[in-house]
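Q: pasting a predicted model and its sequence here:
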Amino acid sequence: MAKSLRNHPPSTIDRFGGLWRRGESDTTPLDHFADCENLKFPVEDVFATRDGIGVSQNVAVPLENVKRIYNYNNQTTNGQLVLTYIAGVGRIYHVLNSTTLFGPILTITGMKDFAFAPYGGRAYLSPFASFTAGDLLIEKGLDNEFVYVYAGDGTAARKAAGVPLTGNMTIANGAAGTTDPGLHIFGFVAETISGFLTRP
């Protein structure tokens, strides 16, 4: 039985209507939430606090000094990208579950944090750190660093985009084949696993 507080009659809520999105937060009915974060919904009309992250890993060398965790869903698995920062070096790992982790997939000196954007099952990573500018603490990308792409398969992250191919292409005049008469310019490009086409 609900107990009244300061002579206010209690309000019994026997149904949960979810997140209120039909007006300002002060118009939210009693059976709705104006804000709804870190919750899970196990069955209809029931909510509970979202499960936390396990503090242990059943691997030979568990990760220590974790600075950032992102949920990362690639083409086949749901996992996390985890940044550790030890002795001035940032390392990003791909954690699949409590017993399986890949990496480090990216290791950069001075990387205290990183930005992450998923696309097509791949992870695009941008290393950054915190710096002081007078009395201000600002976050910015590391000097002379790049955006990296991780394929999600345990191989090391590489620089996004790519460099052109090297070598020579031999064009044979009079060999088998058909082409229009006149001057022709030939070039070739490479396609990376993410679908990027390098410069000719």
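A: Structure's in. What do you need?
Q: let's check: the centremost residue of this protein is which one?
A: For the chain, the residue nearest the mean C-alpha position is F116 (3.8 Å; C-alpha atoms, centre = their mean).
Q: any idea how far it is from G134?
A: Here F116 is placed at a distance of 29 Å from G134 (C-beta to C-beta, to the nearest Å). The way it works is simple: take the backbone N, C-alpha and C, and place the C-beta from them, glycine included.
Q: show me where pLDDT drops low in the chain?
A: The chain contains residues with pLDDT under 70 at 1-5, 45, 51-61, 162-164, 174-175, 193-194.
Q: domain ranges for it?
A: The record's domain split for the chain, according to automatic domain parsing, is 16-51, 66-159.
Q: ok, A123 - how many residues close by?
A: Counted with other C-beta atoms under 10 Å, the neighbours of A123 add up to 24.
Q: now the domains of the chain in CSV, with distance to I185?
A: Compiled in CSV, the domains of the chain are given as follows (distance: least, C-beta to C-beta, whole Å):
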stretch, distance to I185
domain 16-51, 57
domain 66-159, 28
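Q: for P181, find the nearest of those.
A: Closest approach to P181 among those (C-beta to C-beta): domain 66-159, 41.9 Å.
Q: endpoints of that closest one, how far apart?
A: Start-to-end span of domain 66-159 (C-alpha to C-alpha, to the nearest Å) is 24 Å.
Q: Y85: helix or strand, and which one exactly?
A: Per DSSP states H and E: Y85 is located in strand 78-86.
Q: direction included, what does that strand pair against?
A: Paired neighbours of strand 78-86 in the sheet (DSSP bridges): strand 66-73 (antiparallel), strand 89-95 (antiparallel).
Q: other SSEs contacting the longest strand anywhere in the chain?
A: Looking only at the chain and at elements set by DSSP state E, the strand with the highest residue count is strand 122-133. If contacts are counted by 3 or more C-beta pairs under 8 Å, 6 or more residues apart in numbering; DSSP states H and E, strand 122-133 sits against strand 101-109, strand 113-119, strand 136-141, strand 148-150.
Q: list of residues touching it?
A: Applying C-beta atoms under 8 Å, 6 or more residues apart in numbering, the set of residues contacting strand 122-133 from outside is 72, 74, 81, 90, 92, 106, 108, 110-118, 137-142, 145, 147-152, 157, 160, 194.
Q: out of those residues, which end up buried?
A: A residue is treated as buried here by neighbour count (16 or more other C-beta atoms under 10 Å); on that basis the buried members of the contacts of strand 122-133 are 72, 74, 81, 90, 92, 106, 108, 111-112, 114, 116, 118, 142, 148-152, 157, 160, 194.
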